[in-house]
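Asker: sequence-free structure coming up:
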């Protein structure tokens with residue numbers, strides 16, 4: 001095993017272009033649609049709470065991502081900087097959604113300990129608490145768009161193994177967190193990738209940062225510069241892929257994953273209003289979940305996917321929770337500006 005941090009520090013660093021300019025709609029539209037998004041999220045949570053026994057590990061992870069976004073938004077609303085604003089959450093609506101997620105997650109974890117104990121154990125660090133990560137407003141950089149042929153080849157089991165190495169939860173002896181084999185390092189840093197292979201590369205590094213594998217060590221400034229370069233490259237390519245995906249209506253759960261992973265770190269170009277309106281149109285009018293569309297063939301094999309009532313999918317409904325929560329955060333945290 002190789003210490004991931006040592007590899008990361010020596011990884012080639014390139015200049016990063018930052019921007020604090022927001023790409024979000026007007027204040028009036030942010031308020032209007034921010035509230036709409038929270039209502040849609042509540043409907044989705046109510047659906048899962050009514051059938052919590054069928055939630056899988058992917059769905060539980062989606063819950064924790066949503067919970068992290070709500071926690072951040074609640075802190076913004078209650079911060080000292082925000083004491084004089086006109087928009088407040090006086091009814092503690094955001095906090096109530098946070099508490100509901102905690103309740104669903106705890107009940108779901110108890111069921112998964114019985115149904116999928118080994119899979120849950122492997123990813124427990126990602127499912128036992130809110131997923132929080134730095135939100136740094138920035139824009140994609142077109143110069144990082146890779147125009148050469150890119151591969152979508154993706155092995156779910158291989159990807160899971162690389163995550164398990166990072167989490168210190170694989171089956172090898174003397175495994176520690178923040179360590180990785182050279183083959184996994186090549187996988188997560190390779191160029192010219194797309195679709196799930198590309199989004200999982202980004203997710204791997206976001207997980208590494210969340211675990212503290214990059215921060216809080218010597219030379220962390222260099223490591224974080226390298227991480228920002230990778231985020232820039234990944235999200236630039238993901239954005240153009242998502243745009244094509246949206247235009248072709250090619251793969252809904254990939255589209256949701258593309259939006260989620262880049263928007264949670266501050267790429268607000270992904271929080272487009274037309275994309276939001278389309279996502280909301282996918283929500284089941286009566287049940288609040290996101291159901292399977294037989295006309296759209298998923299390009300990802302879900303290891304533990306299962307159907308819920310009314311043709312709802314735990315993974316596909318898990319992603320919207322995170323997406324809706326990050327839209328709510330992105331729109332409402334600027335509601336006073």
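Answerer: Noted; the coordinates are in hand. This one's a predicted model, so the numbers in the text were calculated from it and none came from an experiment.
Asker: pLDDT weak spots in the stretch 201-337 of the chain?
Answerer: 215-224, 292-311, 313-318, 335-337 (pLDDT under 70).
Asker: residue 192 contacts residue 152, doesn't it?
Answerer: No. Using C-beta atoms under 8 Å, residue 192 is not in contact with residue 152, being 10.5 Å away. In this view, the C-beta of every residue, glycine as well, is placed from N, C-alpha and C.
Asker: hey, where'd the strands end up in this structure?
Answerer: Ranges of strands in the chain, per DSSP state E, are 2-3, 179-180.
Asker: least confident of these, on average?
Answerer: For the strands of the chain, mean pLDDT drops lowest on strand 2-3, to a mean of 54.
Asker: quick one: the longest helix along the chain to chain centroid distance?
Answerer: Longest helix in the chain, counting residues (DSSP state H): helix 220-248. Relative to the chain's own centre, helix 220-248 is displaced by 13 Å; criterion: C-alpha atoms, centre = their mean, to the nearest Å.
Asker: what packs against it?
Answerer: If you count contacts as 3 or more C-beta pairs under 8 Å, 6 or more residues apart in numbering; DSSP states H and E, helix 220-248 packs onto helix 4-10, helix 195-211, helix 252-263, helix 273-281.
Asker: go again with 6 Å.
Answerer: If you count contacts as 3 or more C-beta pairs under 6 Å, 6 or more residues apart in numbering; DSSP states H and E, helix 220-248 packs onto helix 4-10, helix 252-263.
Asker: what mean pLDDT does the first one have?
Answerer: pLDDT averaged over helix 4-10 equals 46, rounded to a whole number.
Asker: on that earlier part again, buried ones in the longest helix of the chain, by neighbour count?
Answerer: 220, 223-224, 226-243, 245-246 (16 or more other C-beta atoms under 10 Å).
Asker: for residue 103, see how far away residue 208 is.
Answerer: According to C-beta to C-beta, to the nearest Å, residue 208 stands 29 Å off from residue 103.
Asker: so between those two, which is more surrounded?
Answerer: Counted by other C-beta atoms under 10 Å, residue 208 and residue 103 do not tie: residue 208 has more neighbours, with 24 against 13.
Asker: and that one, what is it in contact with?
Answerer: With contact set as C-beta atoms under 6 Å, 6 or more residues apart in numbering, residue 208 has these partners: 166, 214.
Asker: state the distance from it to residue 130.
Answerer: From residue 208 to residue 130 the distance is 18 Å (C-beta to C-beta).
Asker: cool, and residue 329?
Answerer: Residue 329 sits 12 Å away from residue 130, taking C-beta to C-beta as the criterion.
Asker: ok, the two, which is more surrounded?
Answerer: Using other C-beta under 10 Å as the criterion, residue 329 and residue 130 rank with residue 329 on top: 26 against 18.
Asker: is it true that that one touches residue 75?
Answerer: No. Contact status for residue 329 versus residue 75: not in contact, 10.4 Å apart, counting by C-beta atoms under 6 Å.
Asker: so where do the helices sit in the protein?
Answerer: 4-10, 27-50, 57-77, 93-115, 117-122, 124-127, 156-167, 182-189, 195-211, 220-248, 252-263, 273-281, 314-332.
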